[in-house]
Each structure stands twice: as C-alpha cells, then as structure tokens.
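Sequence plus predicted model, see below.
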Amino acid sequence: MNKSASTDGFAAALSQAGQRIDSIIGEEPIDAYSQHAEWSDLAEPLPTTGVGIEATLKELHERVAPYGTNQSDPGFLGWITSGPTVAPVIAATTASVLSPQKYGLTAFNFLEELSLEWLAELCSLDSGMKGVYSTGGSVANLVALGAARQFAFTNAGLDPSAVGVDGRPVAVYTSTEAHHTIARSAAVLGLGRRSIRSVAIDERQRMIPAALEDMIAKDIASGVLPIAIAAAAGTTNTGAIDPLREIGTIASKHGIWFHVDGAYGLVGSLDERVTDRYDGLKLADSAIVDPHKWLGAPVGVAATFVRDRALLFDTFTQEPADYLEGSLAADGTAQSTFEAMGTPYSEFGVELSSPPRGVQVWAILKELGIEGVRHRVKTDNDFARRATRFAAEHPKLEPLTEPELSIATFRYLAPGIDDLDAFNHELMLRARRTSRYTVSSTVVNGVFGIRPCFINVRTKTEHVDEFMNHLVATGDEMLEA
Ligand SMILES: Cc1ncc(COP(=O)(O)O)c(C=O)c1O
C-alpha cells in the first residue's frame, strides 16, 4: 500500500505527543543505554512502503521516546543543558509549521528583532547592541569573533572576508578557563588555534588583567596583530566571571575588540547579589548568550550581539543571489510578505535557511517577565550555594570553589585513598548509575571535582539535598567495599 505523508491532524498528534512527554517526565527516569536492547532493534532495512502515520507515531512513542537522555528530569545537573519548558517548545513547533524561515515579513519574524532587543535589555547590554540568532554558543562565538577579525584586519588595511587573512601573526586573548569554542572559532576563521593566548587565572578562576596586559605588550612589540580579547561572564567549569571592567579598559586602551562569552552566565546579572560582578559589560563590542542554557529554550538557540551589524554584514554577506533578490519588490516598498526579506539575518551569520528562533525567546520572556527570569536565576544560584554549604559542613566533603553563579564544585575526601581524583571520578559515575542524579565533573586548580550545574527549572530544594546525601552515601559504600 502506498502512503502519502500526513499533512494535517496536528491537534491529535500534538496532544498525544504532549501526553507521552508529560508521562515520561513524570516517571522516575530510566537510563537509555542500560536499556539499549529495547531500542537497538529499531535497526531495520529502509522501508519500501511506509507504515503510515499512526504506526510511525506509535513506534516513536513506545520504542523511542522512553529512551532519551533524562535532561528534563529534576535530577539532571550535568554540563550546562537541561530540558526545555513548555512555552518555547510550543512556539518553536508552531513556527516550524507556520513560518519555517526567518525571512519574509511575518509576525514570527517581527518577534525575531523584538526578542533580541528584549534579550539585550534583560542582560543589561549597552543600549544599541544589535543581535542575530544562531544554533548555540559555538556558532554565536564564531559570529562574534568573525566581526572581531573584520574589525582588526580592516583597521590594518585588509578586508579579510574578501581576500582572506594574509598569514601575519595574530592573537586572540582569553583565559585558560575559556570554552574551547573560542579556539575553534579562531581555527575556522583562519586565525589558527595557535593564535590563542591563554591568560592565567586567579584563585577564583578569573582572568588576571595584569597577565593579559603583559601578553598584549609582548605581542604588539613583536608585530603580532591582536584580534580580540574574549572574556567570560560565567565560565563553563565553575561559573567564574572575568573582571570585565578591567579587561574592557585594557581592550579600549589598545583598540582591541572586547568580546564577552556569556553563553551560560549573561543572564546571571539579574541576581542583585552578583550584579556588580558584571560591571564593565557595557564596554563589550560583542557578547553572546544562549537561551537554550539558563532560559529553558529547547537546544538550538543562541544570540550574538554587536554594536554595529554592518561589521557582521561585511564578514558574512553571501552577496546577492538572483533567486532571492529577484523575487523581492524592486524598489524596496513591499506590499506583501515575500516582497522583502525583512532584517537580513542571513547576511549577519553563517545560515541562510533557518527557523525564526526569536519566537521561542519571546515566549519565554512573555511568560516569565524579567522578574520570573530573575527568580529562576536566584533560585539556581541558591542551589549552588546550598550544595557548597553542605560540602563545607560535611566532614567528608570539600568545596573546591565558592560559587559565583549556579555551579558548585567539591570532592569527597576519602581517608586512606591516595588518588582522590580517581576516587571522585568513580564516585561521580557510580552516583549517576545508581540514582536519578546526572552530574558531571571538572578540574579546579588541578584537582578533579564533582560539578552540579543548577539551571534545570524542574529541580527543587529537596532534589539538591537528596543528590548531596546520595553522593556521600555512595562514597561511603565505595570506602566500605
Ligand atoms: C561559556 C560557554 N561558551 C560557549 C559554549 C558552547 O555553547 P553550545 O554548546 O551551545 O554550542 C558553552 C557551552 O557550554 C559555554 O559554557
């Protein structure tokens, strides 16, 4: 029997999917890999004739849906991702059907710019910063550093996006704690990974401005072209916030592009207890933030902000294409949706086809408002402080950092065990295998640390306590064994 793809019936299918998702989130999570026998036999030859939508969705709900990651479970505290909330998922799903591209004059695309403005305001960026969405912090950093490259080379008399970089020595300054996507961006932009200067950090894991100054002075003296200083507002490892004012001032003094990677932590400034640590953010020439981290958007949305999108245009323009420009209103006076592209986001980044992502951010901010987001951020910061206090007060635990934001780091002190790093690594794995709590790790000052990151909107205080007690109990069992 030949089947054609289903083109309507969203209501029933979405309602069924919603019920399935709710029921899976509501259950104690199962580990997908430990159940892989249940899903590995999804492997079958490519169907010649399809089974139709009902059978397909049944298989999706029964044999695929239960075996995902447990990132929407309250016990997921790993890395910097968690399951999304309802509003942005529904917004994204609606957009994917009703306005699949972020081009053309539609309400969805109107929200693209509005939500970028809201996001810039939420994060207290300098007024006038303009944005563009992309898929995540990796691309958002790439886009920002593309603008930095354009700025630095143009000032040195060469248009790098037109003629390419010319092999002269260049430098991108960032701390030893920077996310690796800074180095990857340097590689992709033709600057080379070796252009990365890893500036030393202080005892709070923050870039040391004097060390930065030193490196810049040496580079300039030896003819190296500085491209950018990339500071972090919330490092991935510990949530440290670099001293933005001092770094920004050094950048201005030397005329170097100042980038702030706030993929995770930019919204952290909403917590009044740490707002002062963001002093100097307004000096940034570019900044990024990922709504798919702390704002609870589904994975696939980040924003890059710059003062001047013309620089992004110069860097990323794809040049006019007959099949696109030819179908627009000739004199720029559009009278219907497809007679104009709208804001030319495709010229400001690396994507042409892409969904309107702003509608997700709009939905989050509309639902929560500034105060709702602030409440989330403060609750999560409190969780990190609570876990750290627990570790400080427990005789068998040792905090490794004092949290700036919502990341805690600590380790189990096992008496008589020489290799505490190996012990804590094993503890992390066992604690994960034997509970709903998925935690990841990091290294702080050369020491292996267990690292819960609290950005999961479903996590409650009782989960934090249960997680900490479970870790201790697991460590105790390991010692007794
Ligand atoms: C500070 C920082 N920058 C960039 C990234 C990369 O973001 P993404 O994973 O969304 O590409 C991360 C990811 O955790 C991050 O923490």
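Yep, it's here. Numbering: from 1, shown residues only.

Let me know how buried Val306 is, in neighbour terms.
26 (other Cβ atoms under 10 Å). Where C-beta positions appear, they are placed from N, C-alpha and C, glycine not excepted.

wait, it sits on Asp285?
Yes: counting by Cβ atoms under 8 Å, Val306 does reach Asp285; the two are 6.6 Å apart.

Tell me where the stretch 201-350 of the chain has strands.
225-232, 257-261, 286-289, 302-306 (DSSP state E, counting those that start in this stretch).

Nearest to the ligand, out of these?
Proximity to the ligand, assessed across those by Cβ to the nearest ligand atom, is greatest for strand 257-261 (4.8 Å).

closest point of this structure to the ligand, which residue?
Gly137 (2.4 Å).

how about the strands of the stretch 201-350 of the chain, which one is nearest Gly50?
When the strands of the stretch 201-350 of the chain are compared by Cβ to Cβ, strand 302-306 sits nearest Gly50, at 35.6 Å.

What angle do strand 257-261 and that closest one make with each other?
Calculated by axes from the mean of the first three to the mean of the last three Cα atoms, to 10 degrees, strand 302-306 forms an angle of 160 degrees with strand 257-261.

For strand 302-306, the averaged confidence score.
Strand 302-306 comes out with an average pLDDT of 98.

and the protein, which residues reach the ligand?
Contacts of the chain with the ligand, taken as Cβ under 6 Å from any ligand atom, map to 80, 136-138, 141, 179, 181, 232, 236, 261, 263-264, 290, 302.

how about TSV for those, with neighbour count added?
Shown next, in TSV, are the residues of the chain next to the ligand (neighbours: other Cβ atoms under 10 Å):
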residue	neighbour count
Ile80	21
Gly136	19
Gly137	24
Ser138	20
Asn141	28
His179	21
Thr181	22
Ala232	29
Thr236	24
Asp261	30
Ala263	28
Tyr264	28
Asp290	28
Ala302	26
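
got the contact list for the lowest-mean-pLDDT helix or strand in the chain?
One helix or strand of the chain scores below all others by mean pLDDT, DSSP states H and E: helix 322-325, with a mean of 76. Helix 322-325 has contacts (Cβ atoms under 8 Å, 6 or more residues apart in numbering) with Met341.

That one: what's the following helix or strand?
helix 358-393 (DSSP states H and E).

Show me what that next one is packed up against.
Helix 358-393 sits against helix 86-98, helix 107-122, strand 397-399, strand 410-412, helix 461-480, with contacts defined as 3 or more Cβ pairs under 8 Å, 6 or more residues apart in numbering; DSSP states H and E.

Find the nearest non-adjacent residue to Thr275, please.
Ser269 (5.1 Å; Cβ to Cβ, 6 or more residues apart in numbering).

Could I get the contacting residues of that neighbour?
Cys123, Ser124, Ala233, Thr275, Arg277, Tyr278, Leu281.

mind redoing it with 6 Å?
By Cβ atoms under 6 Å, 6 or more residues apart in numbering, Ser269 lies in contact with Ser124, Thr275, Tyr278.
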